[in-house]
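A.B. asks: Task: produce atomic coordinates for the following.
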Amino acid sequence: MKRIVLVPAGLAVAVTVLLAGCERKATAKNPQIEDPPPAEVEHEQSGVLLNVDHPERFPMATVGRHTAAPELNVTGVIGADVARNVPVVSIASGRIVEVRARLGDSVTKGQLLMRVQSTDIADAFSDYKQAVADETLAVAQLARSKILYDKGAIAQKDLEVAQDTEEKADVVVETAIERLRVLGADKDHPSALVDVVAPVSGVITDQQVTAAAGTQGLASPNAFTISDLSHVWVLCDVYENDLALVKVGEDAEIRLNAYPSMVLRGRVSNIGSILDPNIRTAKVRVEVGNPGMMRLGMFVQATFRGQQVEIRGMVPASAILHLHDRDWVYVAKGANTFRRVEVRSGQMIPPGRQEILSGIRPGDRVVANALLLENTPDR
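C.D. replies: Okay, the predicted model is just below:
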């Protein structure tokens, strides 16, 4: 005889839900139907840990030793050496009737640059001719006074007055000649035109005159500026924190953006005493000999090298992973574990090696091909 037990409706529903939940839980833990587990990635303060099943697939490399001096790379601009800039001026005021040179021209010493028609020249020639006439008269009077003095016709004081007049006449003539020379005129070729010539050889780097313009002599701006570009300045902006790597008198390597394969040598001649308050940089001046292709305004890269030698790491270039604008390497942490470590890379070292400034040390073991490990799906 079977016994029938009546269960309340609410209790029956609860039991049904409990049994269904147990069934789903058992199904979720069934290893035959669940997806393969993802790669195990652990995070710690020093980087990201990667666990791999076949570490032999990722060859290792030992961080080597590289001896180098600290270096600083900055940008700069080529400028003229102000000590080699020579202004060209017209002492005589007047009207410019002819201009023989232009901005950017190469000129030689004594080359005609422009001509000025000036009343100053005409006045100077007038004064010179009057001085010559007065000198001629004074010489004649002195000769006559000597004859009269020898015959006792005049006193000695009259002879001395004649001698003084002749000497003063000579001074006036010399002054008139010097004035003509300063104005740029030739006493043997009277003319109202004065030729302005180049005082030195070089390149015209500034021009402030045109034909038919007027000039007020020294009161006007310099007509031209001639620069000797055989030596130029490289002006660099160096941040305050990097000034310790720059010393006056030390050498610097200069590379032109237009000729990147050419390396020039320069010497640091000045470090600015005042920092730019906005960007916290100081002007550093490097003097460089110009082989001919350096032009004013060109951009260059200057490299300053410190005197103290440092020991740095060196790894194959393939060991560095460039990710999110940062450089990383994978360092062995255990038999099957690698830690991703951020590093600061330096210069390339032929053949195919990269300098490491910080992050790892010589003797550490790193994955030789970081990209291979990063892109391995199952690791």
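
A.B. asks: all contacts plus neighbour counts: C-alpha atoms, from now on.
C.D. replies: Will do.

A.B. asks: what about the residue nearest to Thr108 when sequence neighbours are not counted, neighbour count?
C.D. replies: Nearest non-adjacent residue to Thr108, counting by C-alpha to C-alpha, 6 or more residues apart in numbering: Ser201, 4.1 Å away. Ser201: 17 surrounding residues under other C-alpha atoms under 10 Å.

A.B. asks: Show the average pLDDT along stretch 100-108.
C.D. replies: What stretch 100-108 shows for mean pLDDT is 93.

A.B. asks: ok, and what's touching that stretch?
C.D. replies: Stretch 100-108 is contacted by residues 112-114, 198, 200-207 when judged by C-alpha atoms under 8 Å, 6 or more residues apart in numbering.

A.B. asks: before we move on, back to that, how much space between the residue nearest to Thr108 and Ala83?
C.D. replies: The gap separating Ser201 from Ala83 is 14 Å, by C-alpha to C-alpha, to the nearest Å.

A.B. asks: do Thr75 as well
C.D. replies: In this structure, Thr75 and Ala83 are 23 Å apart, going by C-alpha to C-alpha.

A.B. asks: So which other helices or strands are in contact with the lengthiest helix in the chain?
C.D. replies: Criterion DSSP state H: the longest helix present in the chain is helix 119-150. Applying 3 or more C-alpha pairs under 8 Å, 6 or more residues apart in numbering; DSSP states H and E, we find helix 119-150 packed against helix 156-183.

A.B. asks: now the helices for the stretch 251-379 of the chain?
C.D. replies: Under the criterion DSSP state H, counting those that start in this stretch, the stretch 251-379 of the chain contains helices at 370-375.

A.B. asks: So which residues of it form strands?
C.D. replies: Taking DSSP state E, counting those that start in this stretch, the strands of the stretch 251-379 of the chain run over residues 251-256, 263-271, 281-289, 299-305, 310-316, 321-323, 326-332, 337-349, 353-358, 365-367.

A.B. asks: same thing with the stretch 1-150 of the chain?
C.D. replies: Counting by DSSP E, counting those that start in this stretch, the strands of the stretch 1-150 of the chain are 41-44, 47-51, 60-62, 64-68, 71-80, 85-88, 94-99, 106-107, 112-117.

A.B. asks: I'd like those strands as a markdown table, with mean neighbour count and distance to Ala211 appended.
C.D. replies: Converted to a markdown table, these look like this (neighbours: other C-alpha atoms under 10 Å; distance: least, C-alpha to C-alpha, whole Å):
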| stretch | mean neighbour count | distance to Ala211 |
| --- | --- | --- |
| strand 41-44 | 11 | 77 |
| strand 47-51 | 18 | 72 |
| strand 60-62 | 18 | 73 |
| strand 64-68 | 16 | 59 |
| strand 71-80 | 18 | 27 |
| strand 85-88 | 19 | 16 |
| strand 94-99 | 18 | 5 |
| strand 106-107 | 18 | 19 |
| strand 112-117 | 20 | 9 |
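
A.B. asks: could I get stretch 49-69 in CSV with only the CA atoms?
C.D. replies: Provided in CSV are the C-alpha atoms of stretch 49-69 (Å, rounded to 0.1, in the frame of the first residue of the first chain):
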residue,chain,number,x,y,z
LEU,A,49,53.1,39.4,-16.0
LEU,A,50,52.6,36.9,-18.9
ASN,A,51,52.5,33.1,-18.3
VAL,A,52,53.3,31.0,-21.3
ASP,A,53,53.1,27.2,-21.9
HIS,A,54,56.1,27.0,-24.3
PRO,A,55,58.8,29.3,-23.2
GLU,A,56,61.3,27.7,-25.6
ARG,A,57,59.5,29.4,-28.5
PHE,A,58,60.8,32.8,-27.3
PRO,A,59,64.6,33.0,-27.5
MET,A,60,66.2,35.1,-24.8
ALA,A,61,69.0,37.7,-25.0
THR,A,62,71.3,39.0,-22.4
VAL,A,63,71.4,42.8,-21.9
GLY,A,64,74.9,43.9,-22.9
ARG,A,65,77.1,46.7,-21.6
HIS,A,66,77.6,49.9,-23.5
THR,A,67,79.9,52.7,-22.5
ALA,A,68,78.9,56.1,-23.6
ALA,A,69,78.8,59.7,-22.4
